[in-house]
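Q: sequence and predicted structure, then a few things I'm wondering about:
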Amino acid sequence: MNNLLKVNIKTMTKHSSYESTLSKNKIVTRFAPSPTGFLHIGGARTALFNWLLARHYNGKFLLRIEDTDRVRSTQEAVDAIFNGLKWLGITWDEEPVFQFSRAKHHVELAKKLVENGKAYYCYCTPEELEAMREKAKAQGISPKYNGMWRERDPKTAPADIKPVIRLKVPLDGETTLHDIVQGTVTVANSQIDDMILVRSDGTPTFMLSVVVDDHDMGVTHVIRGDDHLTNTFRQIQIYNAFGWEIPKYGHIPLIHGPDGAKLSKRHGALGVEAYRDMGFLPEAVCNCLLRLGWSHGNDEIISIEQAIEWFTTDNLGKSAARLDFQKMEKLNSYYIKNAENERLLNIIMETNKDISEEKKHRILLGMNGLKQRAKTIIELRNMATIYTEDYVTTKIDEMNKEILKDIDIALRILPEWTEEAIDKCLHTVAEKKGLSFGKIAQPLRTVLSNRKITPGIFEMLFAFGRDESLKRLSIALNF
RNA sequence: GUCCCCUUCGUCUAGUGGCCUAGGACAUCGCCCUCUCACGGCGACAACAGGGAUUCGAAUUCCCUAGGGGACGCCA
């Protein structure tokens, strides 16, 4: 399959060698969302795959906003898409194309098709079409437009009805798609109806606009969801009508929810910003998405750099996958563990802007211990409150007080305040008292943090610093 | 209803006719490490949807069945 791809690139180069050097040798992919909602996880994966393919082959990754549905398209959604992609680290080349701005051009081309006899005006009303579909279903045949205006003289058209433009799809024969992912798929042309290219209000349909834009943008490879597979057969008819070269298609399976059904809002069809808010790092989301339907042997942890190096369409899977939050959390905890402390601090601070510099510093000093224990940024943030919350002490019994007194003395005269030194010091205290380390660690933990579960006590003492640590000890001893 | 696609441990997957008594990861369970909680280490459990065919040999090729999914808009 990889070879196939390479051969095709060569072929394309041969054909387009007279064209600008820009497009020479280059794969051009695109991501073309409609701005009617957030960038959901499935779309993000589609974007990721197209982006990876372009970056792997040193090609171009373009962004096109399919905003031809004027009612449902919103600026908020456009922003959500841009921001979501940016957050994931998916960068696009060239200015994004807004499809609606090209509508006039799309319609002009459709009219040319009518002139060439490749398309025609249809005067059916939506009601008539509905009746047609009902009838077809009742007869057990494919519910499609019956082509009644295909050869009919437009002069017989009702004057009060504004027509649509429909494509004249071949009535017999078949259309074969050599899909990068699905392999060879063949559909009888009789299954494909004369789709509408231009609506009665004079606006182009998705089907037309996609084809024209992909062609004009020089798109060579389209990776998209499985749900577009049947659309592809229709779009191929449009390419053929124009006489244009058809791009390579790869239809990746859809992502399903934990129950195996279509992904819904309830279980994960959220915007990528929702994953950010749930405390996921973008590289963890990317890694998880990447492994959903793509693999590289037994590799699980794959950096973006490795992904770019390894990504080809060879290893794309054909079956639908479910989103596994636990696996995503595991991946996330890995990336948190390996993230820079300063970066983690900055992420935590995004929602805690009023924290003092001193406390921030404490968090930073304690970050190594904190990040070891967090599966999400939210957990990390919660754990970090150990270093920011106001100190509260509780009563301790006399036996533990004795232990803490010795600790206090030992720490007070400790020459250097490092985790190693503290470690040694506390172990010495335990030895002298003939106690297991746990016996001294637990009361100390309580006194320092008033919690049962914390990072290691050396880390905590180090992060709090000598002054604060001793202060807490003395408060507890005098309580 | 019509057309199309998919089917390996609970989940994500490796596997392209012999290397498979099917490998890895997450989850689960056990042990080790250990100052709590985690991390980490070691181990266990666990799958080729079913049936035919081709072949010396099939998870891998072909056919059928079953199950799942998708598409059938003047939405994208």
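A: Here it is on my side, so go on.
Q: quick check: A:Lys104 vs RNA strand B, distance?
A: Relative to RNA strand B, A:Lys104 is positioned 15 Å away (Cβ to the nearest atom of the strand, to the nearest Å). In this view, the C-beta of every residue, glycine as well, is placed from N, C-alpha and C.
Q: which strand or helix spans that residue?
A: Using DSSP states H and E, the element containing A:Lys104 is helix A:103-115.
Q: as PDB, could you dump the C-alpha coordinates of that helix?
A: Extracted in PDB, the C-alpha atoms of helix A:103-115 (Å, rounded to 0.1, in the frame of the first residue of the first chain):
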ATOM      1  CA  ALA A 103     -20.000  29.800  -3.800                       C
ATOM      2  CA  LYS A 104     -20.300  31.900  -6.900                       C
ATOM      3  CA  HIS A 105     -17.600  30.100  -8.600                       C
ATOM      4  CA  HIS A 106     -19.100  26.700  -7.700                       C
ATOM      5  CA  VAL A 107     -22.400  27.700  -9.200                       C
ATOM      6  CA  GLU A 108     -20.800  29.000 -12.400                       C
ATOM      7  CA  LEU A 109     -19.100  25.600 -12.800                       C
ATOM      8  CA  ALA A 110     -22.400  23.800 -12.300                       C
ATOM      9  CA  LYS A 111     -24.000  25.900 -15.000                       C
ATOM     10  CA  LYS A 112     -21.200  25.000 -17.400                       C
ATOM     11  CA  LEU A 113     -22.100  21.400 -16.700                       C
ATOM     12  CA  VAL A 114     -25.600  22.100 -17.700                       C
ATOM     13  CA  GLU A 115     -24.400  23.700 -20.900                       C
END
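Q: average pLDDT for that helix?
A: Mean pLDDT, computed over helix A:103-115, is 96.
Q: which elements pack onto that helix?
A: If contacts are counted by 3 or more Cβ pairs under 8 Å, 6 or more residues apart in numbering; DSSP states H and E, helix A:103-115 sits against strand A:119-122, strand A:164-167, strand A:196-198, helix A:206-216, helix A:229-242.
Q: right, and A:Leu461 touches A:Leu411 too?
A: Yes: applying Cβ atoms under 8 Å, one finds A:Leu461 in contact with A:Leu411, separated by 7.4 Å.
Q: who has more neighbours out of those two?
A: More crowded of A:Leu461 and A:Leu411, by other Cβ atoms under 10 Å: A:Leu461, with 28 against 20.
Q: what's in contact with the host helix or strand of that one?
A: A:Leu461 belongs to helix A:457-477 when assigned by DSSP H and E. With contacts defined as Cβ atoms under 8 Å, 6 or more residues apart in numbering, helix A:457-477 is touched by A:362-363, A:365-366, A:368-369, A:386-387, A:391, A:393-394, A:396, A:401, A:404-405, A:407-408, A:411-412, A:414, A:417-419, A:422-423, A:426, A:441, A:444-445, A:447-449, A:454.
Q: give me the buried stretch members for that helix, please.
A: For helix A:457-477, a neighbour-count test (16 or more other Cβ atoms under 10 Å) marks A:457-464, A:468-470, A:472-473, A:476 as buried.
Q: which ones among those residues come in contact with RNA strand B?
A: By Cβ under 7 Å from any atom of the strand, the members of the buried residues of helix A:457-477 lying near RNA strand B are A:Ile457, A:Phe458.
Q: closest one of the buried residues of helix A:457-477 to A:Glu273?
A: Distance to A:Glu273 across the buried residues of helix A:457-477 (Cβ to Cβ) is lowest for A:Ala463, with 31.0 Å.
Q: quick check: the gap between the closest one and A:Val71.
A: Using Cβ to Cβ, to the nearest Å, A:Ala463 is found at 55 Å from A:Val71.
Q: if we can go back for a sec, now do the buried residues in the helix holding A:Lys104.
A: Those would be A:Ala103, A:His106, A:Val107, A:Leu109, A:Ala110, A:Leu113, A:Val114, for helix A:103-115 by 16+ other Cβ under 10 Å.
Q: for those, which one is nearest A:Gly250?
A: A:Gly250 has its nearest neighbour among these in A:His106, at 24.7 Å by Cβ to Cβ.
Q: can you pull the residues of the stretch 251-400 of chain A lying near RNA strand B?
A: The stretch 251-400 of chain A has residues A:253-254, A:256, A:260-262, A:291-293, A:295, A:297-298, A:300, A:314-315, A:317-322, A:324, A:326-327, A:329-330, A:333-334, A:337, A:372-373 near RNA strand B, with proximity defined as Cβ under 7 Å from any atom of the strand.
Q: so which of those are in strands?
A: Judged by DSSP state E, the subset of those located in strands is A:His256, A:Ala321, A:Arg322.
Q: relative to A:Gly183, how far out is the first one?
A: Distance from A:His256 to A:Gly183, counting by Cβ to Cβ: 21 Å.
Q: then the second one?
A: Between A:Ala321 and A:Gly183 the computed distance is 18 Å (Cβ to Cβ).
Q: so those two - more neighbours on which side?
A: Higher neighbour count among A:Ala321 and A:Gly183: A:Ala321, with 16 against 10, using other Cβ under 10 Å.
Q: on that earlier part again, now tabulate the buried residues of helix A:103-115 in JSON lines and tack on distance to A:Thr36.
A: As requested, these are exported to JSON lines (distance: Cβ to Cβ, whole Å):
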{"residue": "A:Ala103", "distance to A:Thr36": "17"}
{"residue": "A:His106", "distance to A:Thr36": "19"}
{"residue": "A:Val107", "distance to A:Thr36": "22"}
{"residue": "A:Leu109", "distance to A:Thr36": "25"}
{"residue": "A:Ala110", "distance to A:Thr36": "24"}
{"residue": "A:Leu113", "distance to A:Thr36": "28"}
{"residue": "A:Val114", "distance to A:Thr36": "30"}
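Q: closest one of those residues to RNA strand B?
A: RNA strand B lies nearest to A:Ala103 out of the buried residues of helix A:103-115, by Cβ to the nearest atom of the strand, at 9.7 Å.
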